[in-house]
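> Could you work out the structure for the sequence below:
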Amino acid sequence: MAEAKDDDPVASATPPLSWGRARGELGGGTQVSQRLLAYSDALLSIIATVMILPVAHTKIQPDQKFNESVQQLLATKIAVYLMTFLIVTVAWAAHVRLFQVIELIDDVLALLNLACMMIITFLPYTFSLMASFPDVPFGIFLFSSCAVVIGAIQAIIVLYGFDHPYLLNHQIQMSENQAFYKYHILKIILRGPTLSFLAAVFSFFFIPLSYVFLGLVIFFPHISHLTKWFRSKVLGQEEEAPLESFTFYLTEPLSKERVEAFSDGVYAIVATLLILDICEDNVPDVKEVREKYNGHLINALRENGRNFLAYFGSFITIGLLWFVHHSLFLHVTKANRLMGVLNTLSLAFIGGLPLAYQLTSEFAEKSHNEIEAIQVSCVTIFFASIFQFGIWTAALFHERETLHPFARYGGKEHAFMFAKLALYPCVSLAAFVLTCVLSELSTSIFHLIQIIVPFAFLVLRIFVRVGLMAFRLVISLSRPRRSVLEEEEACLSPAEMS
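Just a heads-up that it's a prediction; the model follows:
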């Protein structure tokens, strides 16, 4: 049983196919849940990411200034986007916990999960209503109701699974405390929908309180964890040990592999949204090319040159932020709770990059909003990258548990990783400062800086290598000199030394 704690929780929840056949359970519509989980993860990452589209497609004319009303409109939409993005990640975490308990599925469970995914795919529409009409009760009521229905379907999945025990994790099947596990997983799944139900009720009476309840959906698990830590560390109140060790999987942070899969989905979708905007907005009309440009397609495309520059600059930024994330998690052996929170916050700002692309690509050169568009991009990139840096910092505080030995304090890989993670916060902050100092900074220059950044990664790697080589050279030169002096002193007689 002790060895089970060292295994990946999700991997342990999915047994080999041969084991299921040996039990005689597979067949007749019963199968392992791996493909269902992959489909659900992909769909949830898409839904979490596409909710930026109503924000990104907020139309602001080039000659329209970023006045107070426009700023308030964008700020409201961005705040609602961040909240709903984080709520979807909470739903994803609950889905992961659910299928740690249920490891086999049949046709009924597959259809119930599809029903759950159908409601989840409706969330972007409800978000659009919330973002466009934040003071109207129906938008928040519809969003909260969808969250309640999602929780209800997941609760039905739990009840169905425990009513058919052969679908459950093998350890739970063998347990005499199945009622305890059923209560435990239902508590995890239903706390979000319960708060969403309260938000739906109060949306018709006092909307600010509804937003408070939705915020609690995000923060309640962390508040609960901090309360337990405070009781055990400060008050000295020992918490009752779980009945069996499987409960460990339901309280530990999500596995590194599932976090990587969900993160990769977000990065891939954000990169894809950019080209969708290019295909939608920058394909010339056939009639216009014929009449205005005498059939010369190249001349028509030349009008959109700034948009293509914005696309390549934005794609490179997203790709390199993924590269940094990938490099970071190569060094991570286990993601603790704080690292998971910081990763979620980083992904939320990654999801905001299509908004940054829209702002910097739509405004004509020397427009009133050009500097403000660059600043929005810099702020988005800064927070997306600084939270990545925070993941690394949190890992270093518990490096023996979270990092490979070669990536800990000191050493070449630690220096490389630090340089990679520090680059984007420094570049985005420097670009933001330039917008405050230089009024001539254009979006074209900003996107050229984005395109040049990959070369900075190579330069950083060279600098780190040269620095480490110089350090080793100094150490190697100091050691022989000391040894020679010691040998000369050993050869001298006492009289000569005096």
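> make it CA atoms for all contacts and neighbour counts henceforth
OK.
> doesn't G265 make contact with A42?
Yes. Judged on Cα atoms under 8 Å, A42 makes contact with G265 at a distance of 6.2 Å.
> Compute the distance between G319 and V55, please.
Distance from G319 to V55, counting by Cα to Cα, to the nearest Å: 22 Å.
> more neighbours, the two?
Shown here are G319 and V55; by other Cα atoms under 10 Å, V55 has more neighbours (24 against 17).
> what about the more buried one, which helix or strand?
helix 53-56 (DSSP states H and E).
> which helices and strands does that helix pack with?
The helices and strands touching helix 53-56, judged by 3 or more Cα pairs under 8 Å, 6 or more residues apart in numbering; DSSP states H and E, are helix 68-101, helix 123-132, helix 353-362.
> Nearest to Y181, out of those?
Of all those, it is helix 68-101 that lies closest to Y181, at 8.4 Å by Cα to Cα.
> tell me which residues of the closest one are tucked away?
74, 76-78, 80-101 (16 or more other Cα atoms under 10 Å).
> list the buried ones in stretch 400-419?
Applying a neighbour-count criterion of 16+ other Cα under 10 Å, one finds T402, L403, P405, A407, R408, E413, A415, F416, M417, A419 buried in stretch 400-419.
> Quick one: residues contacting the second one.
If you count contacts by Cα atoms under 8 Å, 6 or more residues apart in numbering, L403 has them with H331, V332, T333, K334, A395, L396.
> what does S428 give?
Shown in contact with S428 (Cα under 8 Å, 6+ apart): C378, V379, I381, F382.
> Then F457?
By Cα under 8 Å, 6+ apart, F457 lies in contact with K420, L423.
> Please renumber the chain so that the first residue is 54 from this point on.
Taking 54 as the first residue, the last one we looked at is F510.
> name the element it belongs to?
When elements are assigned from DSSP H and E, F510 belongs to helix 496-544.
> Unless I misread the structure, A388 falls within a strand.
No. Checked against DSSP: H, G, I helix; E, B strand; the rest coil, A388 lies outside a strand; its state is coil.
> check contacts around the closest residue to it other than its chain neighbours.
Distances taken as Cα to Cα, 6 or more residues apart in numbering place K309 nearest to A388, at 5.7 Å, with adjacent residues excluded. K309 sits next to T386, K387, A388 when contact means Cα under 8 Å, 6+ apart.
> quick one: which of these is most hemmed in?
Result: A388 is most packed of the contacts of K309 (other Cα under 10 Å), 24 neighbours.
> Could you verify my assumption that A208 touches R244?
No. Counting by Cα under 8 Å, A208 stays clear of R244, with 11.1 Å between them.
> thinking again about what came up before, with respect to L167, which of the helices and strands packed on helix 106-109 lies nearest?
That would be helix 121-154 among these, by Cα to Cα, at 12.5 Å.
> Any chance of TSV for the contacts of K309, columns distance to L195 and pLDDT?
Shown next, in TSV, are the contacts of K309 (distance: Cα to Cα, whole Å; pLDDT from 0 to 100):
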residue	distance to L195	pLDDT
T386	40	83
K387	37	81
A388	34	80
